[in-house]
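> just a sequence and a predicted model for now, questions to come.
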Amino acid sequence: MIGAIRSELTRLAQPRTLLTWFGLMALFAAMVNTIMVTFVTGGGNLPPGAPGVAFPTLAQMESPSGLMSGLAAASSMFGVITLSFWALATATDYSSGLIRLLVAAEPRRWRLLTAKVVALALVTAAATTVAAIVNVVVVLPAAGTAGISTAAWGADLLNVVTSAWLHLYVAVCVWGVIGLVIVTLARSAAVAISIGVGYLLVVESLVKMLKGVPSDWLLGTTLGAVASGGTPAVSFGTALTLALGYVTLGLLAAGLVYVRRDVTD
Amino acid sequence: MAIITTAGLTRRFGPITALDGLTLELPSAGVIGLVGPNGSGKSTLIRTLLGLIRPTEGTATVLGSPITNPAEYAARVGVLIESPAFVAGLSARANLASLARLRRLPLARVDAVLSQVGLTGRDREPVKRFSLGMKQRLGIAAALLSDPELLILDEPTNGLDPAGIVEIRELLRELGRNGRTVIVSSHQLSEIEAVCDHLVVIRFGKLIFAGPMAEMLKRTREHINIAPEQAGDMDRLAAALTADGWAVTAVDDLLRVTASISRSADLNRAAMAAGITLRRLELAQDNLEEIFLEMTGRVDGELADGRAGATGKVAA
């Protein structure tokens, strides 16, 4: 298994791919923090049910956890980026025909799939770290400029940073697994990314707008709650359980297909 | 011991039968050619043996282990299936290192195979900059990585220039001489004839021939190619010879007469009797390509028997 993971990591270590992935995470972290500070101080106007973002209040921003609130605010956006790269990394095996060599070399296909998930999760940890660092680097001067009090931000710093990182990491990994699952089923990165973005920007937003329809179980809402460490509507425990349920179901479906399907690519 | 055995191996893709009760035994050691028209089932056979696809019926063994458990023999088999498949953005070395890690091989093997296929010095370039020939060399290097007992190569000389073809041909011969079994699937029958000791011919998933190349080449027929002095006499000569009982076929600007060289004087006399002087009279012999075309019916396998349009579904 270690060999399969190292093999997968070697293939993922493409400078251009990693730069794009990490660069997008950094860009979104910078953008979200800049917009969030403007919004929190009253300069912005977020429409209700706006997809992909959930900005904190001024009081939440000025609390100790306000330092890292940018990560949770746009967790769905980070999630879509992660979904896209997991999808691309998985789809390349099919589009390049590499899947033939991989399965011929390691016929225990479940090992290949597990190794891919582990390797992508390791790279996602690095991408999440990049987003967290950029978040801190951008939010400090941005908050100072906007007049947001940062006096409480030093309190319980290690716990705040670690839990924000961990919450975002778990959430984006679930997004990534969804990308991997869709590609394994559809063998197309385009389909996976279209479904991911389309679902987040259109389907979930539409369902949220419907009155009387419970939306707390929806993927974006659930993973947003995981990234935030829980919301008033969904507790962290409930969100995490739901997220793990989605992951388990998705991986079971992908695993069955991956192991049993003929390799004709 | 047979390195590969199949018994009634069948694989159907919907209405298409890609492998149709294939039963064969391939000897260990040497170079074995696997040939057949497009859609004959060559790739399906290779993929089935490697555990990439499952047979609908029948059984098979590779290196003595059943294909239902390919993990038992995967480490002893090297493959190049269809076109070489690599991560385009990675260097040749990184691509091979990735496969070496998957197979738990020392990275020293990467240098060894790069040198074996003549890619040392180009190994740090991204694969996307490689020509088709270089990708092909890299594909062969990947197949050799585990120093396998059985090597299965699909069109190994595809995209190589003449010098590269000769080089790879030598490599295959050397591998075959050193106790390995090399199975080469190719459309280039001159390549197969030049390299292989044994031959397997399949068509529409059925075995047409399996045996030593020498046995196959015994099926060759001798011909005498003739041409009249005056090009305008071609039809008259053909008619006269046919009337005289000779089997005559027009091929380009020649007449091909099916007869052994010992009858060349008779043939010349027959032409003279018709009042035609020959400017050319030479012995010719069927090569593997002609025998193959004769055996397989001179049709594109994908276009025969209503197979047109079904190739997307058939891994063949």
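Received, thanks.

> check the gap between the spatially most central residue of chain B and residue B:77 for me.
Residue closest to the mean C-alpha point of chain B, counted by Cα atoms, centre = their mean, is residue B:186 at 2.9 Å. Here the distance between residue B:186 and residue B:77 works out to 18 Å (Cβ to Cβ, to the nearest Å). Backbone N, C-alpha and C define where each C-beta goes, glycine included.

> check the residue nearest to the centre of chain B and give its pLDDT.
Looking at residue B:186, its pLDDT reads 82.

> close to chain B: what parts of the stretch 101-250 of chain A are there?
A:101-108 (Cβ under 8 Å from any Cβ of the partner chain).

> of those, which belong to strands?
Among those, no residue falls in strands (DSSP state E).

> could you single out the nearest of the residues you listed to residue B:41?
residue A:104 (18.3 Å; Cβ to Cβ).

> quick revisit: quick one: contacts for the residue nearest to the centre of chain B?
Contacts of residue B:186 were listed using Cβ atoms under 8 Å, 6 or more residues apart in numbering or on different chains, and they are B:33-35, B:154-157, B:192.

> so after the helix or strand hosting residue B:101, what's the next helix or strand?
Here residue B:101 sits within helix B:92-102, counting by DSSP states H and E. Going down the chain from helix B:92-102, the next helix or strand is helix B:108-116, by DSSP H and E.

> shouldn't residue A:117 be in contact with residue A:177?
Yes - judged on Cβ atoms under 8 Å, residue A:117 makes contact with residue A:177 at a distance of 6.9 Å.

> which neighbours do the two share?
With Cβ under 8 Å, 6+ apart as the test, residue A:117 and residue A:177 both reach residue A:251.

> ok so, going back, in strands, which of the contacts of residue B:186 fall?
B:33-35, B:154.

> which of these sits closest to residue B:50?
Closest to residue B:50, out of all of the ones in strands among the contacts of residue B:186 and judged by Cβ to Cβ, is residue B:154, at 10.9 Å.

> do you know how far the closest one is from residue A:62?
From residue B:154 to residue A:62 the distance is 65 Å (Cβ to Cβ).

> who has more neighbours, these two?
In this view residue B:154 and residue A:62 are compared by other Cβ atoms under 10 Å in any protein chain shown, and residue B:154 has more residues nearby, 23 against 18.

> next up, the contacts around that one.
Residue B:154 touches B:42-43, B:46, B:80-82, B:185-186, counting by Cβ under 8 Å, 6+ apart.

> ok, for it, nearest residue in space, not its chain neighbours?
What sits nearest to residue B:154 in space, not counting adjacent residues and going by Cβ to Cβ, 6 or more residues apart in numbering or on different chains, is residue B:185, at 4.7 Å.

> can you pull up the bridge partners for the one you found?
residue B:34, residue B:154 (DSSP bridges).

> so what touches stretch A:221-240?
Against stretch A:221-240 from outside (Cβ under 8 Å, 6+ apart): A:54, A:71-72, A:75-76, A:78-79, A:163-164, A:167-168, A:170-172, A:174-175, A:204, A:208, A:215-216, A:242-243, A:246.

> quick one, strands of chain A?
Using DSSP E, strands in chain A do not occur.

> and the pLDDT for the residue of it most remote from its centre?
Centroid-distance maximum for chain A: residue A:104 at 32.0 Å, with Cα atoms, centre = their mean. With respect to pLDDT, residue A:104 has a value of 90.

> returning to what we had before: filter the contacts of residue B:154 down to the ones in helices?
B:42-43, B:46 (DSSP state H).

> highest neighbour count among those residues?
That'd be residue B:42 among these, by other Cβ under 10 Å, with 28 neighbours.

> was I right about that residue contacting residue B:48?
No - Residue B:42 lies out of contact with residue B:48 (Cβ under 8 Å); the separation is 10.9 Å.

> for whichever residue of the stretch 101-250 of chain A sits closest to chain B, what are phi and psi?
At 3.9 Å from chain B, residue A:107 is the closest residue in the stretch 101-250 of chain A, using Cβ to the nearest Cβ. Dihedral angles phi and psi of residue A:107 (degrees, to the nearest 10) take the values phi -70, psi -20.

> and the closest residue to it other than its chain neighbours, what is it in contact with?
Distances taken as Cβ to Cβ, 6+ apart place residue B:70 nearest to residue A:107, at 3.9 Å, with adjacent residues excluded. Applying Cβ under 8 Å, 6+ apart to residue B:70 gives the contacts A:104, A:107, B:50-51, B:62.

> what is the rounded mean pLDDT of the helix holding residue B:101?
92.

> what packs against it?
Counting contacts by 3 or more Cβ pairs under 8 Å, 6 or more residues apart in numbering or on different chains; DSSP states H and E, helix B:92-102 is packed against helix A:2-12, helix A:98-105, helix B:108-116, helix B:132-144.

> need the pLDDT of residue 256.
Unless you meant another one, I'm taking chain A. 90.

> my question was about chain B
Predicted confidence (pLDDT) for residue B:256: 87.

> hmm, residue B:238 and it touching each other?
No - if you go by Cβ under 8 Å, residue B:256 and residue B:238 don't touch, sitting 10.2 Å apart.

> overlap of the contact sets of those two?
B:248, B:250.

> now do the same for residue B:9: helix, strand or coil?
Under DSSP: H, G, I helix; E, B strand; the rest coil, the three-state class of residue B:9 is strand.

> and it, what's its pLDDT?
The predicted local confidence for residue B:9 is 91.

> wait, it sits on residue B:62?
No - Residue B:9 is beyond contact range of residue B:62, at 11.8 Å (criterion: Cβ under 8 Å).

> and the helix or strand of chain A with the lowest mean pLDDT, what's buried?
Within chain A, no helix or strand scores below helix A:204-209, which has a mean of 75 by mean pLDDT, DSSP states H and E. Across helix A:204-209, burial judged by 16 or more other Cβ atoms under 10 Å in any protein chain shown covers A:204-205, A:207-208.

> and which of the residues you listed is nearest residue B:89?
residue A:204 (33.3 Å).

> shaky segments in the chain?
I'll assume chain A. Low-confidence segments of chain A, defined by pLDDT under 70: A:43-53, A:211-215.

> oops, chain B please
For chain B, the ranges with pLDDT under 70 are B:286, B:294, B:296-316.

> repeat the analysis, applying 50 as the threshold.
Chain B contains residues with pLDDT under 50 at B:306-316.

> quick one, helices of it?
Under DSSP H, chain B gives helices at B:42-49, B:92-102, B:108-116, B:132-144, B:162-177, B:189-195, B:213-217, B:234-243, B:264-273, B:288-296.

> and if you look at chain A?
A:2-12, A:15-40, A:58-62, A:69-73, A:75-95, A:98-105, A:109-146, A:157-186, A:189-198, A:204-209, A:219-228, A:236-260.

> what helices or strands is the longest one leaning on?
Yep, that's helix A:109-146 we're talking about. Using 3+ Cβ pairs under 8 Å, 6+ apart, helix A:109-146 sits against helix A:2-12, helix A:15-40, helix A:69-73, helix A:75-95, helix A:98-105, helix A:157-186, helix A:236-260.

> report the buried residues of stretch B:142-162.
B:142-146, B:148-160.
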